[in-house]
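Participant: Next input, structure requested:
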Amino acid sequence: MAFDLVQYFAEQISIQKPQLLADYDAHTRQQHLHELNVLCLGKLITLWNEDEKKLYHEIQAQEQLYIQEIARRLTTSVHNQSSLTKTELEPTLSEIAKLQLQELKQLEDTAHFGIEGFRELLKGQIEYLSGQADDWVWLTNRLTSLQGSKPMQQEPLSLDATLKEFNHMVQQNDHHDHHPVAEVVAPAVPGWAKLLEPVVAIVILWILYSAVSQVFA
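Facilitator: Next comes the predicted model:
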């Protein structure tokens, strides 16, 4: 059974590579390292799918030239949209790819995964990688099966916005049916209740719409 290498590698990067992108503030640095961690792991999965015997050999060999080639290809890909400069990006990717291969070798040395074990482990990472990055990451590391997996960010539905939408709907009905209806004004909402605004807004909109539908029926 596969375990979450995304999180495992992230923890190891934090412990073993504190120097990476150290000039950035903590939040920005974490975002960049997460992106590059996912980018490298996705590339390893692609390489495994292309030639599992070759990557298994490279896990054993830990050749620096092979690691540098992974970093170079990711850096120079036409799909790469990282905001890091190439002089920051390539060495950072090289360090992350090196760490990932080292950790995989340690797993092999201690648990004797073999090709079958690594096949199960790496293919099982698709579940953990899903939704972790923007599409350019999957295009860059050629793990295109994950394109579109990141959910779109949506603004939460607020009570004020819902009531404005409701008043607009009422005014349209009033214009057609000539039944004047007073505008609904949002009541004062305590601070703690703002957390529930999306749910409250939907419920209120449904109740008010049902009431207006009965009036105009």
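
Participant: roughly how far apart are Ser82 and Leu143?
Facilitator: Taking CB to CB, to the nearest Å as the criterion, Ser82 is separated from Leu143 by 16 Å. Bear in mind the C-beta positions are built from the backbone N, C-alpha and C, glycine included.

Participant: Between these two, which is the more surrounded one?
Facilitator: Leu143 (23 against 20; other CB atoms under 10 Å).

Participant: Leaving out the residues flanking it, which one is nearest to that one?
Facilitator: Gly42 (4.1 Å; CB to CB, 6 or more residues apart in numbering).

Participant: What residues does the one you found make contact with?
Facilitator: By CB atoms under 8 Å, 6 or more residues apart in numbering, Gly42 lies in contact with 129, 137-138, 141, 143, 146.

Participant: How about Leu41?
Facilitator: With contact set as CB under 8 Å, 6+ apart, Leu41 has these partners: 5-6, 9, 100, 125, 129.

Participant: Export those residues to TSV and append columns for pLDDT and distance to His34.
Facilitator: Shown next, in TSV, are those (pLDDT from 0 to 100; distance: CB to CB, whole Å):
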residue	pLDDT	distance to His34
Leu5	97	13
Val6	96	9
Phe9	97	10
Gln100	98	14
Gln125	96	15
Leu129	96	11
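
Participant: Which two among those are spaced furthest apart?
Facilitator: Within the contacts of Leu41, two members stand farthest from each other by CB to CB: Gln100 and Leu129, at 13.1 Å.

Participant: Would you state the helices of the chain in chain order?
Facilitator: 5-16, 26-50, 52-61, 64-76, 86-111, 114-123, 125-129, 135-140, 159-177, 197-216 (DSSP state H).

Participant: got these as a markdown table, with distance to Lys150 columns?
Facilitator: Shown next, in a markdown table, are the helices of the chain (distance: least, CB to CB, whole Å):
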| stretch | distance to Lys150 |
| --- | --- |
| helix 5-16 | 14 |
| helix 26-50 | 11 |
| helix 52-61 | 26 |
| helix 64-76 | 19 |
| helix 86-111 | 20 |
| helix 114-123 | 20 |
| helix 125-129 | 10 |
| helix 135-140 | 7 |
| helix 159-177 | 25 |
| helix 197-216 | 21 |
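
Participant: So for Pro151, which of those sits nearest?
Facilitator: Closest to Pro151 of the helices of the chain is helix 135-140 (CB to CB; 12.3 Å).

Participant: ok so, going back, buried among the contacts of Gly42? Need that as a selection in PyMOL.
Facilitator: Buried members of the contacts of Gly42, defined by 16 or more other CB atoms under 10 Å, are picked up in PyMOL with:
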select buried, resi 129+137+138+141+143+146
